[in-house]
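Engineer: pasted the sequence and its predicted model underneath.
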Amino acid sequence: MQHGSEWINVMNRTNKMGLFVTGTDTDVGKSVASSWLLHQLRGYYWKPVQSGLQGETDRQMVMRLSGLPGDHFLQERYSLQLPRSPHEAARKEGVTIQLTDFCMPSTPAPLVVEGAGGVMVPLNEHHLMVDLMVHLQLPVVLVCRTALGTINHTLLSLQALRHRGLTVVGVILNGEGDEENLQAIKNYGNVKILAHIPKLSPLDQSNLARIPPLCNDWPQCLSLT
Ligand SMILES: Nc1ncnc2c1ncn2[C@@H]1O[C@H](COP(=O)(O)OP(=O)(O)OP(=O)(O)O)[C@@H](O)[C@H]1O
Ligand SMILES: [Mg+2]
């Protein structure tokens, strides 16, 4: 809890009231990492575009895993039926997603915004998820796997984010421990590792709450370089 309040103070001080959580892929653990961040920050959560409404939505999952009350969860801007890329799910529902449809909500504590899929996922015929990050002007947290292949996916994603002038706050690794991959991402990506979330069994609120931040300078993690 202490870490969380320090983070909130830093965010308030630096006037950065949000984070955009993206990933190297779909299903990489963005909602799990968002739940962890939310718990640390006592923050608010927003999934601007949810595609796929079968079963638990991301908002419902993060509500369950973070343990925060319902008023910490904002309504999606788009809730699309099909579990497909947003541009395609929207097109099939006769909807066109526009960047101007999204405005940064004002919240009393940091807002954790979860993207759909990865960095270069299309929202419409012209715009990608990275354009939404630029539009919302948020610093970014990248969630990546620990398994073989992650170095390539993570470095490519970092390059795409930085190319657009986005600030990468750090990376959250999700999956079984792999110290070599962690070190490689840190060194070649020149990026902070904010946390490593191992495979949790069960995946629940109390196990997730036990995962410590990995930054020694955790309160400074959100400062722009
Ligand atoms: N650390 C973990 N321990 C146990 N299970 C996990 C862990 N991380 C992810 N999972 C499992 O993998 C699934 C995918 O994770 P998650 O929903 O967080 O991915 P995502 O990147 O948010 O996916 P999407 O692209 O659909 O938003 C979860 O439903 C969960 O069951
Ligand atoms: Mg998710």
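Structural biologist: That came through fine. Ligands and ions are numbered 1, 2, ... in the order given.
Engineer: distance of the residue sitting furthest away from the middle of the chain relative to residue 80?
Structural biologist: The C-alpha centroid of the chain is most remote from residue 94, which lies 27.5 Å away (Cα atoms, centre = their mean). Going from residue 94 to residue 80 by Cβ to Cβ, to the nearest Å gives 11 Å. Quick note: C-beta positions are derived from backbone N, CA and C, even for glycine.
Engineer: residue 185 touches residue 149, doesn't it?
Structural biologist: No: using Cβ atoms under 8 Å, residue 185 is not in contact with residue 149; the gap is 11.9 Å.
Engineer: neighbour count: these two, which is higher?
Structural biologist: More neighbours surround residue 185 than the other of residue 185 and residue 149, with 24 against 12 (other Cβ atoms under 10 Å).
Engineer: need the contact list for that one.
Structural biologist: For residue 185, the contact set (Cβ atoms under 8 Å, 6 or more residues apart in numbering) comprises 144, 150, 151, 154, 155, 171, 173, 191, 193.
Engineer: distance of residue 145 from residue 80?
Structural biologist: Per Cβ to Cβ, residue 145 is found 25 Å from residue 80.
Engineer: apart from its chain neighbours, what residue comes closest to residue 121?
Structural biologist: residue 129 (4.6 Å; Cβ to Cβ, 6 or more residues apart in numbering).
Engineer: now the one you found. Its backbone dihedrals?
Structural biologist: Main-chain torsions, residue 129, degrees, to the nearest 10: phi -60, psi -40.
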